[in-house]
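Visitor: what's the 3D shape of this:
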Amino acid sequence: MDFLDLFSHGFIQRALVAGCFIAVLCSVLGTFLVLRRLSLIGDGLAHVTFGGVAVGLLFGAYPFYMAIPIVMASALGILKLIDKARLYGDAAIGIVSSLGIAGGILIASAAGGFNIDLFSYLFGNILAISRVEVWTSVLLCFCLIVVIALYYHELLAITFDEESAKASGIKTTRINRILVLLTALTVVLAMKVVGIMLVSALLIIPPVTALQFARGFKTTIIISCLTGIVAVMAGVTISFVLDLPAGASIVIVSFGIFLVSFLGARLRIKGISRR
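Guide: Below is the predicted model:
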């Protein structure tokens, strides 16, 4: 089969379109989360997604729709724990994460154990993504762009100094809620791309790759998005050609890009210091 014929398949086209839009979502949101040291919120919400998927399989409903309200409620729960219980972000994420995974295991056991459907959500299946999920990723990406355009300066202020932002009159609670709810929706979407077990990689690796050599905040977001898109396109292509798991391929490619950028940044620093 000719290499270009690969892209003539409808399921490959859907995988690439949805994957690229989800990569943009993860890269943009991940930039804010990484800089705020909340990058593990993706991993925590992914564990909750496991619980939501188990609930869907238990009741015979589409897990994607069952997971969305559960994960969104959990994201708001993390904010409440940080605010009301005065916990650090990682502690609040850990509590919600452990509750989500424990609940998922109990529900999966009640539903008759771990079946093939549950494992497909754990490890992702981007090649089976539906048209509805493609349009959902496009719509969510558009919503994210609108939110960032409307609240860019507020998001920037909260990212670097939340206390000062609050003192200056910015409604930090509302901005934080919007941010975590968008993250929750993105995590649920991303489980079809790389799976529940690897979803945090899409939120973390592209932003930290961009931070290796980006000079400004906007540049960091752009480079992060490009890294995510390249990783998805290369990962999907490699997985199809070599018959490898798509989610794992995307993550490995993403890490490879990070490694190259990290080594390049170190060599550049050494070159500057020798001058």
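
Visitor: so what's residue 24 scoring on pLDDT?
Guide: pLDDT, residue 24: 90.

Visitor: What is the neighbour count of the residue nearest to it when sequence neighbours are not counted?
Guide: Leaving out its chain neighbours, the residue that sits closest to residue 24 by CB to CB, 6 or more residues apart in numbering is residue 225, at 4.9 Å. C-beta here means a position set from N, CA and C on the backbone, and glycine is covered the same way. Residue 225 sits with 22 neighbouring residues when counted by other CB atoms under 10 Å.

Visitor: likewise the one 5 residues further on?
Guide: Counted with other CB under 10 Å, the burial measure for residue 230 works out to 16 neighbours.

Visitor: and the host helix or strand of residue 188, what other elements does it pack with?
Guide: Taking DSSP states H and E as the definition, one finds residue 188 inside helix 172-190. Judged by 3 or more CB pairs under 8 Å, 6 or more residues apart in numbering; DSSP states H and E, helix 172-190 is in contact with helix 10-35, helix 41-59, helix 63-84, helix 131-160, helix 162-167, helix 199-210.

Visitor: Would you reformat these as TSV and include distance to residue 258 and mean neighbour count?
Guide: Formatted as TSV, those follow (distance: least, CB to CB, whole Å; neighbours: other CB atoms under 10 Å):
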stretch	distance to residue 258	mean neighbour count
helix 10-35	12	23
helix 41-59	16	25
helix 63-84	26	19
helix 131-160	21	16
helix 162-167	27	13
helix 199-210	4	26
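
Visitor: Residue 257: which of those helices is closest?
Guide: Proximity to residue 257 (CB to CB) singles out helix 199-210 among those, at 5.7 Å.

Visitor: Measure how far the direction of that closest one deviates from that of helix 10-35, in degrees.
Guide: 70 degrees (axes from the mean of the first three to the mean of the last three CA atoms, to 10 degrees).

Visitor: Measure how buried residue 92 is and give me the count.
Guide: The number of residues near residue 92, taken as other CB under 10 Å, comes to 22.

Visitor: okay, it: pLDDT?
Guide: For residue 92, pLDDT reads 79.

Visitor: Can you tell me the element it falls in?
Guide: Here residue 92 is assigned to helix 89-110, by DSSP H and E.

Visitor: Restricting to C-alpha, output that helix in CSV.
Guide: Listed next in CSV are the C-alpha coordinates belonging to helix 89-110 (Å, rounded to 0.1, in the frame of the first residue of the first chain):
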residue,chain,number,x,y,z
GLY,A,89,-3.1,21.0,45.0
ASP,A,90,-1.3,17.6,44.9
ALA,A,91,-3.0,16.4,48.1
ALA,A,92,-6.5,17.3,46.8
ILE,A,93,-5.7,15.7,43.5
GLY,A,94,-4.5,12.5,45.2
ILE,A,95,-7.6,12.2,47.3
VAL,A,96,-10.0,12.6,44.3
SER,A,97,-7.8,10.4,42.2
SER,A,98,-7.6,7.5,44.7
LEU,A,99,-11.4,7.7,45.2
GLY,A,100,-12.0,7.6,41.5
ILE,A,101,-9.8,4.6,40.8
ALA,A,102,-11.2,2.7,43.9
GLY,A,103,-14.8,3.4,42.9
GLY,A,104,-14.0,2.3,39.4
ILE,A,105,-12.5,-1.0,40.5
LEU,A,106,-15.5,-1.7,42.8
ILE,A,107,-18.0,-0.9,40.1
ALA,A,108,-16.1,-2.9,37.5
SER,A,109,-16.2,-5.9,39.8
ALA,A,110,-19.9,-5.4,40.3
